[in-house]
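> A structural model of the following input is requested.
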Amino acid sequence: MNADEMKKQAAWAALEYIKGDGIVGVGTGSTVNHFIDALATIKGRIEGAVSSSEASTKKMQELGIKVFDLNECNEIEVYVDGADEANSLLELVKGGGGALTREKIIAAASKQFVCIVDATKQVDILGKFPLPVEVIPMARSYVAREIVKLGGQPVYREGVITDNGNVILDVHGMDIMEPIKLEKTLNDIVGVVTNGLFAMRPADVLLVGSEDGTQTVHAK
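I've put the predicted structure just below:
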């Protein structure tokens, strides 16, 4: 079974967490694209979705799923999204697709965060995947210098503008031993919008597509 098939397996398993007829939070990325396909099969029994990116919005609308602005909604029951890395505490690195800020907002507004990944995304220590940091454009160089002081190696993601009109620095070379502490420290740098550590608000459930079927993981 290849990685894409494992992603699809985890994504379809997430349908079990869509219990009511309300609004579903939907993330961004290749695994989420499979979830959107799955969600379309039950679109008649949900009110609609809120989306973390223009790309996900477009795909859902093409499949006939109504997309709401988060400001139109009360608390979201379930948010489904992927991750670039996940540890045993279900702390995550996200943002490889550039939608980290909107993803973090929807995760914060949701009662339950279901993360869908393939088995290659599980790690003991976060940081091998470069950590995305969304930055106000005029602060890019300043923020990069501050990140260097923290021991990271920031690389400007050239040619990428987020849906919020900002830029991304990908931070290499960090073993993230204290994810919550680093998340707070990075967010305190003036000019940072947010970073791709989901540690203060980790996932509640991790669905892992693997050769042995979908594994359900709860935080240790």
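
> what sits against the residue most central in space within the chain?
Centroid-nearest residue in the chain: Lys94, 4.6 Å away (criterion: C-alpha atoms, centre = their mean). Counting by C-beta atoms under 8 Å, 6 or more residues apart in numbering, Lys94 touches 81-84, 100, 103-104, 132, 196, 198. In this view, the C-beta of every residue, glycine as well, is placed from N, C-alpha and C.

> out of these, who's nearest Leu169?
Ranked by distance to Leu169 (C-beta to C-beta), the contacts of Lys94 are led by Pro132 at 7.5 Å.

> Thought Asn166 was touching that closest one, still the case?
No: judged on C-beta atoms under 8 Å, Pro132 makes no contact with Asn166 at a distance of 11.0 Å.

> pLDDT score for the nearest residue to Val26 once chain neighbours are set aside?
Of all residues not flanking Val26 in the chain, Ala49 sits nearest, at 4.7 Å (C-beta to C-beta, 6 or more residues apart in numbering). What the model reports as pLDDT for Ala49 is 97.

> Now do the helix or strand harbouring Ala49: which elements does it pack against?
Taking DSSP states H and E as the definition, one finds Ala49 inside strand 48-51. For strand 48-51, the elements it packs on are strand 23-26, helix 54-62, strand 67-68, judged by 3 or more C-beta pairs under 8 Å, 6 or more residues apart in numbering; DSSP states H and E.

> May I see the ones you listed arranged in TSV, with distance to Val32 as well?
Shown next, in TSV, are the helices and strands packed on strand 48-51 (distance: least, C-beta to C-beta, whole Å):
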stretch	distance to Val32
strand 23-26	6
helix 54-62	6
strand 67-68	14
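
> Looking at these, which is nearest to Ile180?
Nearest of the helices and strands packed on strand 48-51 to Ile180, taken as C-beta to C-beta: strand 23-26 at 22.1 Å.

> Off-centre distance for that closest one?
Chain-centre distance of strand 23-26: 13 Å, with C-alpha atoms, centre = their mean, to the nearest Å.

> average pLDDT across it?
98.

> What's the first helix or strand after the longest strand along the chain?
Counting by DSSP state E, the longest strand found in the chain is strand 110-118. Remark: after strand 110-118, the chain's next helix or strand is strand 131-135, criterion DSSP H and E.

> what about the next helix or strand after that following strand, average pLDDT?
The helix or strand immediately downstream of strand 131-135 is helix 140-149, counting by DSSP H and E. Here helix 140-149 scores 98 as its mean pLDDT.

> roughly how far is helix 140-149 from the heart of the chain?
24 Å.

> The helix or strand that it is followed by packs against which elements?
Next along the chain after helix 140-149, taking DSSP H and E as the criterion, comes strand 153-156. Contacts defined by 3+ C-beta pairs under 8 Å, 6+ apart place strand 153-156 against helix 140-149, strand 167-172.
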